[in-house]
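Participant: output the structure for:
(2 chains)
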2 protein chains.
Amino acid sequence: MSSLTQTACNKIFGGWQKIFTHDSSETKCKMTFGIYLPPQADDECKVPVIYWLSGLTCTEQNFVTKAGAQRYAAQHGIAIVAPDTSPRGCNIEGEDESYDFGSGAGFYVDATQEKWKTNYRMYSYITKELPDIVNANFPVLADKQSIMGHSMGGHGALTLFLKNPGMYQSVSAFAPICNPVQCAWGQKALAGYLGEDKEAWMDSDSCCLVKNYSGPTSDILIDQGQDDNFLSQGQLLPDNFLAACNSNNVPVILRMQEGYDHSYFFIATFIGEHIAHHAKYLK
Amino acid sequence: MSSLTQTACNKIFGGWQKIFTHDSSETKCKMTFGIYLPPQADDECKVPVIYWLSGLTCTEQNFVTKAGAQRYAAQHGIAIVAPDTSPRGCNIEGEDESYDFGSGAGFYVDATQEKWKTNYRMYSYITKELPDIVNANFPVLADKQSIMGHSMGGHGALTLFLKNPGMYQSVSAFAPICNPVQCAWGQKALAGYLGEDKEAWMDSDSCCLVKNYSGPTSDILIDQGQDDNFLSQGQLLPDNFLAACNSNNVPVILRMQEGYDHSYFFIATFIGEHIAHHAKYLK
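Facilitator: Prediction:
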């Protein structure tokens, strides 16, 4: 396993917000992640852990500095891991050209297309390499982990939860891209990373996955701002996910939040309730 | 009075975080400020207001996005105004050369030196023009205002409170530059804006001002991280302020916080207690 380099360490709400970089065997580049260790965590006491997946254009910094999650993580005694959203600096032609494809837009899939398949392996990075690193290096409980995310990261949280029954105790999302095969962001990303054959996309679409899900269930919590521009543009499609869950009797709570948009101001408002939701399943 | 242009408006914790720009008569340039209006504020209900002054290199964005103050402002029903720290884009030779002088480093004084005196009037901007604008345009109580700040902005909060007895109901600070006449940051800024005659600096130094203060008192609350690099470098000098307060029987609470540094992670941890402190005097 590659060694970790700590690049920042700040005390907040009695615990420690740390940033690490490491050479990733999955993405073949340097990756960065943030981890918040609450005051309860030490050599004698392992704590549950929630993985946070960020949205398009984000690095690990957006969540770490803007969400205000550390207060609630400290209150509940839960660690939070916030990885970067994609490989970077891979010298792939065009990797930095779009905000919604390439750098900052890994979409939490393992690419199959020649140009991207060596580095763009965010699915395997988040579900295998990163938890191995976190479990080996920090006082967290490997069998008590949950996942949440925002927008592209909400898509990531939902799909990773549904594709790995039992790996995560619970899942929640803020304004997730619920049905990427049906929206412009998703179609661009899935075609680019997985190719034009739409059959290959189904395995990375929450709506498709939940219809056939048969693993353990916990209430899936989703908050969606009613004044979110990307909702009205048809990029998020939460109603499709609600219908898909209902068709397979998977419990879901979709809360439409009046006046809220797609920003971290929205996330900051409800992150405390999401962490409390996960705490119910992690304790 | 110049008109306001709203450049952002986001719902957070039931209220609204807004950003405005306007042409300032004091600084002769475009200025920007953030204002958080809690859910209690509307046309029928005016609320108290706290002014937040930021530190070196900051704009209004640092506090608005990183401090997590909106949660507590909503809880207490208090507005928070967060102005930019300095004039910008004034076409003064060298204005953008240093992180600790010129743009981003207004130090909350009215400059007297020829090169700076037309624009660098942050003292008058914060104590006169900005509150006039805020009181005229938003549902706030003009006679219920307090002030707080961080680092250079902590210096600003303390000096503005002490120079204007009764204007602010209370004052607090995070890691303030307590004694600028005795530290490198202060000496550079005060010499640059006010000239080499050190007599002219005394009126912009909290330690000097508090020794002669005879206005209404409220407990001055100061939090200081013990692992703050700028504390060990002698830029902040909180002990000098404590001694100066004690010499004139001005009540002060200086809390040394173990393990905390100079960052917004430190501010986020204690901002709730600062807002609760001001709420005692504003209600």
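Participant: return the residues of chain A in contact with chain B.
Facilitator: A:10-14, A:17, A:65-66, A:68, A:70-71, A:225, A:227, A:259-261, A:263-266, A:268-269 (Cβ under 8 Å from any Cβ of the partner chain). For the C-beta atoms, the positions are set from N, CA and C on the backbone; glycine is no exception.
Participant: show me which of the residues you listed are buried.
Facilitator: Neighbour-count burial within the residues of chain A next to chain B applies to A:10-14, A:17, A:65-66, A:68, A:70-71, A:225, A:260-261, A:263-266, A:268-269; the criterion is 16 or more other Cβ atoms under 10 Å in any protein chain shown.
Participant: low pLDDT regions in chain A?
Facilitator: Residue ranges of chain A with pLDDT under 70: A:1-2.
Participant: can you tell me the centre-most residue of it?
Facilitator: Against the mean C-alpha coordinate of chain A, by Cα atoms, centre = their mean, the closest residue is A:L53 at 2.3 Å.
Participant: A:L190: neighbouring residues, count only.
Facilitator: Other residues near A:L190 number 24, with proximity taken as other Cβ atoms under 10 Å in any protein chain shown.
Participant: just checking, A:L209 touches A:K163?
Facilitator: Yes. Counting by Cβ atoms under 8 Å, A:L209 does reach A:K163; the two are 6.4 Å apart.
Participant: if you count contacts, what does the host helix or strand of A:D143 end up packed against?
Facilitator: According to DSSP states H and E, A:D143 maps onto strand A:140-150. With contacts defined as 3 or more Cβ pairs under 8 Å, 6 or more residues apart in numbering or on different chains; DSSP states H and E, strand A:140-150 has these neighbours: strand A:47-53, helix A:130-137, helix A:152-163, strand A:171-174, helix A:264-282.
Participant: distance between that strand and the chain's centre?
Facilitator: The gap between where strand A:140-150 is centred and where its chain is centred comes out at 10 Å by Cα atoms, centre = their mean, to the nearest Å.
Participant: where do the helices of chain A begin and end?
Facilitator: Listed in chain order, the helices of chain A (DSSP state H) span residues A:60-66, A:70-76, A:122-124, A:130-137, A:152-163, A:184-194, A:206-211, A:229-232, A:238-247, A:264-282.
Participant: same for the fourth one, what does it pack against?
Facilitator: For helix A:130-137, the helices and strands in contact under the criterion 3+ Cβ pairs under 8 Å, 6+ apart are strand A:47-53, strand A:79-83, strand A:140-150.
Participant: try 10 Å this time
Facilitator: Packing contacts for helix A:130-137, counted by 3 or more Cβ pairs under 10 Å, 6 or more residues apart in numbering or on different chains; DSSP states H and E, involve strand A:15-23, strand A:30-37, strand A:47-53, strand A:79-83, strand A:140-150.
Participant: alpha carbons of the second one, as CSV, please.
Facilitator: As requested, C-alpha coordinates have been extracted for strand A:30-37 and formatted as CSV (Å, rounded to 0.1, in the frame of the first residue of the first chain):
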residue,chain,number,x,y,z
LYS,A,30,-1.5,11.3,-6.9
MET,A,31,-4.8,11.4,-5.1
THR,A,32,-5.9,13.7,-2.3
PHE,A,33,-8.5,13.1,0.4
GLY,A,34,-9.7,14.8,3.6
ILE,A,35,-10.5,13.0,6.8
TYR,A,36,-12.2,14.4,9.9
LEU,A,37,-11.4,12.5,13.1
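Participant: chain center to stretch A:268-283: distance?
Facilitator: Centre to centre, stretch against its chain (Cα atoms, centre = their mean), the figure for stretch A:268-283 is 15 Å.
Participant: dihedrals phi and psi, the closest residue to A:Y193 other than its chain neighbours?
Facilitator: Take A:Y193 and drop its neighbours on the chain: the residue closest to it by Cβ to Cβ, 6 or more residues apart in numbering or on different chains is A:A111, 3.9 Å away. Backbone torsions of A:A111, given as degrees, to the nearest 10, read phi -60, psi 150.
Participant: number of nearby residues for A:C45?
Facilitator: 12.
Participant: grab the nearest non-local neighbour of it.
Facilitator: Per Cβ to Cβ, 6+ apart, closest to A:C45 is A:P139, 6.5 Å.
Participant: coming back round to it: now the strand holding A:D143 against strand A:79-83, angle please.
Facilitator: Interaxial angle, strand A:140-150 versus strand A:79-83 (axes from the mean of the first three to the mean of the last three Cα atoms, to 10 degrees): 50 degrees.
Participant: wait, A:S247 sits on A:C208?
Facilitator: No. Using Cβ atoms under 10 Å, A:S247 is not in contact with A:C208; the gap is 11.5 Å.
Participant: picking that back up, just say which of the helices and strands packed on strand A:140-150 is most tucked in.
Facilitator: By mean neighbour count, with neighbours taken as mean count of other Cβ atoms under 10 Å in any protein chain shown, strand A:171-174 ranks first of the helices and strands packed on strand A:140-150 at a mean of 30.
Participant: who are the packing partners of it?
Facilitator: When contacts are defined as 3+ Cβ pairs under 10 Å, 6+ apart, strand A:171-174 sits against strand A:47-53, strand A:140-150, helix A:152-163, strand A:220-225, strand A:252-257, helix A:264-282.
Participant: 8 Å instead?
Facilitator: Packing partners of strand A:171-174 (3+ Cβ pairs under 8 Å, 6+ apart): strand A:140-150, helix A:152-163, strand A:220-225, helix A:264-282.
Participant: between those, which one is nearest to A:G102?
Facilitator: Of all these, it is helix A:152-163 that lies closest to A:G102, at 12.7 Å by Cβ to Cβ.
Participant: ok and that closest one relative to strand A:252-257, angle-wise?
Facilitator: Taking the same axes, to 10 degrees, one finds helix A:152-163 and strand A:252-257 inclined to each other by 170 degrees.
Participant: run through the neighbouring helices and strands of helix A:152-163.
Facilitator: Using 3+ Cβ pairs under 8 Å, 6+ apart: helix A:152-163 touches strand A:47-53, strand A:140-150, strand A:171-174, helix A:206-211, strand A:220-225.
Participant: tell me the angle of the second one relative to strand A:47-53?
Facilitator: Taking the same axes, to 10 degrees, strand A:140-150 and strand A:47-53 form an angle of 30 degrees between their directions.
Participant: can you list the strands that strand A:140-150 pairs with?
Facilitator: Using DSSP bridges, strand A:140-150 pairs in its sheet with strand A:47-53 (parallel), strand A:171-174 (parallel).
Participant: any chance of the ones you listed in a markdown table, plus distance to B:G77?
Facilitator: Shown next, in a markdown table, are the strands paired with strand A:140-150 (distance: least, Cβ to Cβ, whole Å):
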| stretch | distance to B:G77 |
| --- | --- |
| strand A:47-53 | 31 |
| strand A:171-174 | 26 |
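Participant: A:Y213: neighbouring residues, count only.
Facilitator: Residues near A:Y213, counting by other Cβ under 10 Å, number 18.
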